[in-house]
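Undergrad: sequence? don't have it. structure:
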């Protein structure tokens, strides 16, 4: 049973129930719906299919709705292909037109106001490089082609040196957000996060949409400004995605591996899940096996301590989505069985009786240490909010983490979190009865066996559904 979770992007290649079922059986834990593409009726169909499959298979596959954000793009170009020649001048305009080698349209009205002479313009993930010569500050920018090539329609634009004045949430994002929240998705991905204020704004919108919707936020780190405010972003968000595609264009490429490791470390310290994304198994869009470098990339992400690894084009438009998930699962399971990635040496929570989480944090810390000392096979927690699951997972215990809850929505939310396996449980008699009942359930499901030691975390009295305040070590009879 793998601990590191797999996020897979849905698309034309993975839209049918049959393919999605194969992917879930192969090890997919979270479905990413990319709102850059896809009409609402298609998205609704995907969401309904995932939920029907969860009922059929007894799984808790989560749904991550990924907002497009202020993605800058070139407009359409002649014949969908024009050649930009190095050394030639080109005009970039905010007045819509069909692009040529001399003039192209950009979907960013403030572009001439925001850019300055000498700043770089990267197009198509950095394949084309332009440098700003001058701007009229209104509707046109003159640039020179530093590194040319073929430009096709609607390619993305990155401005690594420019402070962009666009809001983090565009009009399209707000409409997409409302649709996603209406469907009560588990996670919302916020693209091009620049500061903690972006997360606070999104959370405000979620809370004001419907106080019963508990959708959590994934901050996608792909801008250099985000790195500068990373501690505050991690504090405000519920999870982080290391979006290495745009990040690798916006910052020097050699910095990305170091940033990745720094983000994983900080997220583990803060008990926030972290997803490693982009180009993990890209060769499998067409090939039936990954390159050796891709295998190493996935393996290193697992060894770094990532909660999840993500597939994009491999599963959305690739030739064999389920095979990619299967290959990724094999890599994860092998690394987790052969490499000691467990029992992080986290510091004990500081004694602070004014911190309302101090007792439950101490319980989780002690449970992880006790599991390591006794070689317990499982840590079992009763949780209504999911907090103890996030906290336990950050300690990376070798013992399996089983979460029992009467709150069905957190079962799918927790499917993104490292090592967590959830069960729906809505009996509410007494702590002793519940622990005995849960032990029997786990034994009957083959999760534990006779004489295994297990650690139970609970809140007493159990009927109050309060914060964890009790820990019990016992054997399976």
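TA: Looks like it arrived, so ask away. As the structure is a computational prediction, the values presented were derived from the model and not from experiment.

Undergrad: quick one: residue 64 from residue 99, how far?
TA: In this view, residue 64 and residue 99 are 33 Å apart by Cβ to Cβ, to the nearest Å. The C-beta positions use only the backbone N, C-alpha and C, and glycine is treated the same way.

Undergrad: which one's more surrounded, the two?
TA: Neighbour comparison, residue 64 and residue 99: the larger count goes to residue 64, with 28 against 25 (by other Cβ atoms under 10 Å).

Undergrad: which non-adjacent residue is nearest the more buried one?
TA: Nearest residue to residue 64, sequence neighbours excluded (Cβ to Cβ, 6 or more residues apart in numbering): residue 187, at 4.2 Å.

Undergrad: and the one you found, how many neighbours?
TA: Considering only other Cβ under 10 Å, residue 187 is surrounded by 26 other residues.

Undergrad: mind listing what it touches?
TA: Contacts of residue 187 were listed using Cβ atoms under 8 Å, 6 or more residues apart in numbering, and they are 30, 62-65, 215-218, 238-239, 413, 416.

Undergrad: out of those, who has the most neighbours?
TA: Each of these was scored by neighbour count (other Cβ under 10 Å); the top score is that of residue 218, with 33 neighbours.

Undergrad: just say helix, strand or coil for it.
TA: What DSSP: H, G, I helix; E, B strand; the rest coil gives for residue 218 is strand.

Undergrad: contact partners for it?
TA: For residue 218, the residues meeting the contact criterion (Cβ under 8 Å, 6+ apart) are 64, 187-190, 237-241, 275.

Undergrad: dig out what it forms beta bridges with.
TA: Beta-bridge pairing of residue 218, defined through DSSP bridges, involves residue 189, residue 239.

Undergrad: can you read off the pLDDT for it?
TA: Residue-level confidence at residue 218 comes out at 98, pLDDT.

Undergrad: correct me if wrong: residue 329 contacts residue 27.
TA: Yes: between residue 329 and residue 27 a contact is recorded at 3.5 Å, counting by Cβ atoms under 8 Å.

Undergrad: who has more neighbours, those two?
TA: Legend: neighbour count by other Cβ under 10 Å for residue 329 and residue 27, higher for residue 27 (21 against 17).

Undergrad: I'd say the more buried one and residue 323 touch.
TA: No: proximity of residue 27 to residue 323 does not meet the contact threshold set by Cβ under 8 Å, at 11.4 Å.

Undergrad: ok, residue 275 touching residue 304?
TA: No: taking Cβ under 8 Å as the contact criterion, residue 275 and residue 304 are not neighbours in contact, 12.0 Å apart.

Undergrad: more neighbours: these two, which one.
TA: Neighbours per residue, other Cβ under 10 Å: of residue 275 and residue 304, the larger number sits with residue 275, 29 against 18.

Undergrad: work out for me the element that one sits within.
TA: With elements taken from DSSP states H and E, the one containing residue 275 is strand 274-277.

Undergrad: helices or strands up against the next helix or strand after that strand?
TA: Past strand 274-277, heading to the C-terminal end, the next element that is a helix or strand (DSSP H and E) is helix 292-304. Contact here means 3 or more Cβ pairs under 8 Å, 6 or more residues apart in numbering; DSSP states H and E; on that basis helix 292-304 packs against helix 256-269, strand 308-311, helix 321-338.

Undergrad: pull out the buried positions in the last one.
TA: Using 16 or more other Cβ atoms under 10 Å as the burial criterion, the residues of helix 321-338 that qualify are 321-329, 331-333, 335-336.

Undergrad: for the helix or strand just after that helix, the distance to its chain's centre please.
TA: Tracing the chain C-terminally past helix 321-338 and defining elements by DSSP H and E, one meets helix 358-374 next. Between the mean C-alpha point of helix 358-374 and the mean C-alpha point of its chain there is a distance of 27 Å (Cα atoms, centre = their mean, to the nearest Å).

Undergrad: who's in contact with residue 397?
TA: Taking Cβ under 8 Å, 6+ apart, we find residue 397 in contact with 342-343, 367-368, 371-372, 379, 419.

Undergrad: tell me how far residue 262 lies from residue 206.
TA: As it turns out, when the distance is counted by Cβ to Cβ, residue 262 lies 28 Å from residue 206.
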